[in-house]
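Colleague: can't give you the sequence, but here's the structure:
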DNA sequence: TTTTGAGTTGTTCGA
DNA sequence: GTCGAACAACTCAAA
């Protein structure tokens, strides 16, 4: 209704067109930049620019690009039903925006702020360059619950421990109700040229994406469905079920949140409004995970170098091993440790890995193989559909013990123990390791310990159709502890 | 300035 | 099988 009034006003006032520059906010509901552009009144020209060169070494990886392709298709269709369209361009963002303004006679650019270190600097530069050129440049915060940098200790220092950060964030958390998507977007009299979606070449050359397509529905509509189905069927048991990789106990919202198909406050409010009393513990636990996501972006804001280097400086001299062969074995899910391999194959196949298994697979790389966490972070970056610079950085540094509020170094996951605890019936292992599926529960987590006759009966040949462990879990654990001790003693 | 309490997700060992 | 202690101190945040 409000939008209708504005559209009428726009015709009367003949306001020049505005560019709505979309990137990781691929939604029409609760989109602050879109709302601001609509409030101005003139025609709105939604644009997506492939500006990978602006993003440096952290341009979207292969799995994220696949997601982007489908999310952009979905957004374009949603815009069409609202009398609008999505213009696609490629090139450096500033130059492309200038060109577009010239072509469309637009005098304003609206967008939602990004917080990746490289893009933060770029956005600031774009803002001032556009203003210098006499254009209106309006940047909004739409991706997070609170702006990074605004949650500070009494000494105005950044929090480095989660619990006090959460306490402070919740104290200062306040925001308006999430806004609905507009029914119509005022269109310009002439649309500028657009690339075809296929021209962005976000889809893989060789079709490895069938597993992704069967696992996900990118786009705002798919995100809304996922949110609703999570609240209806998994939120109540989330506190326990989220830790079991064999069942659908987690929200699976991460790729939707990463690409901005949902805003944080939409999710937050939808979860708060779910009224079933049985949801209370699950709800609290899930909101906690959202605050962790905020914490990750807050940390990256204050410590932008942590995408490459450990937050705790002493870890720069940790004796990591260099072994492309071992790294590749881990990447391919051929380590001979079933839970690690299952996770790595889930990742490769579906572009996602269950959170608990992420910790275990990461711990195995960093501690048992003693390969640098940065190598793991890179692989996740390329293969995860939810690859998120802040979460990925925090997660890897947490596992490696070199980050904020990190796990003490001596906490080393044992994949066998973890499997017995969180996948006791082997649902997860059998799904991703069909060659082990006929082993009994008692042999599944550590097949190298199983009697030869039982292996034979299950059709498992270690070193044949399934590898022997590439390291001994106990020995490699002790070696990691020793390396840690060396690092600390080397002052 | 000093002190105090606390800190996502674990494993192993020995009683 | 179950339980508590040890692991190793250290840093953070607030009083």
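Modeller: Done, it's in. Only a predicted model underlies this, so the values are computations on that prediction, with no experimental measurement involved. Numbering: from 1, shown residues only, chains lettered A, B, ... in the order given.

Colleague: alpha carbons only for contacts and neighbour counts from here, please
Modeller: Will do.

Colleague: quick check: which ranges of chain A have low pLDDT?
Modeller: Applying pLDDT under 70 to the predicted model, the residue ranges of chain A that meet it are A:1-13, A:276-279, A:490-491.

Colleague: the strands in it, which residues?
Modeller: Here chain A has its strands, by DSSP state E, at A:18-22, A:44-50, A:87-90, A:108-112, A:136-140.

Colleague: looking at these, spot the one closest to residue A:124.
Modeller: Nearest of the strands of chain A to residue A:124, taken as Cα to Cα: strand A:136-140 at 9.2 Å.

Colleague: tell me the contacts of residue A:73?
Modeller: The neighbourhood of residue A:73, defined by Cα atoms under 8 Å, 6 or more residues apart in numbering, consists of A:197, A:219.

Colleague: return the distance of it relative to residue A:261.
Modeller: Using Cα to Cα, to the nearest Å, residue A:73 is found at 13 Å from residue A:261.

Colleague: for residue A:152, same thing?
Modeller: Residue A:152 is 29 Å from residue A:261, where distance means Cα to Cα.

Colleague: same question, residue A:142
Modeller: With distances defined as Cα to Cα, the gap from residue A:142 to residue A:261 amounts to 11 Å.

Colleague: picking that back up, would you turn the strands of chain A into TSV with mean neighbour count?
Modeller: What follows is these, written out as TSV (neighbours: other Cα atoms under 10 Å):
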stretch	mean neighbour count
strand A:18-22	25
strand A:44-50	22
strand A:87-90	20
strand A:108-112	24
strand A:136-140	18
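
Colleague: what's the nearest residue to residue A:398 once chain neighbours are set aside in contact with, if anything?
Modeller: Leaving out its chain neighbours, the residue that sits closest to residue A:398 by Cα to Cα, 6 or more residues apart in numbering is residue A:406, at 4.2 Å. If a contact means Cα under 8 Å, 6+ apart, then residue A:406 has A:397, A:398, A:399, A:400 as its contacts.

Colleague: give me the subset of those residues that also touch DNA strand B.
Modeller: residue A:398 (Cα under 7 Å from any atom of the strand).

Colleague: among the contacts of residue A:406, which are in helices?
Modeller: Under the assignment DSSP state H, those contribute A:397, A:398, A:399, A:400 to helices.

Colleague: and which of those residues is nearest to DNA strand B?
Modeller: For DNA strand B, the nearest member of the ones in helices among the contacts of residue A:406 is residue A:398. The distance, counting by Cα to the nearest atom of the strand, is 6.2 Å.

Colleague: how many neighbours does that closest one have?
Modeller: For residue A:398, the count of nearby residues is 23 (other Cα atoms under 10 Å).

Colleague: how about the contacts made by it?
Modeller: Under the criterion of Cα under 8 Å, 6+ apart, the contact partners of residue A:398 comprise A:404, A:405, A:406, A:407.

Colleague: again with residue A:269
Modeller: A:177, A:178.

Colleague: same thing with residue A:267?
Modeller: Residue A:267 is in contact with residue A:227, counting by Cα under 8 Å, 6+ apart.

Colleague: want to throw the contacts of residue A:406 into a markdown table with distance to DNA strand C?
Modeller: A markdown table is the format used below for the contacts of residue A:406 (distance: Cα to the nearest atom of the strand, whole Å):
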| residue | distance to DNA strand C |
| --- | --- |
| A:397 | 14 |
| A:398 | 13 |
| A:399 | 14 |
| A:400 | 13 |
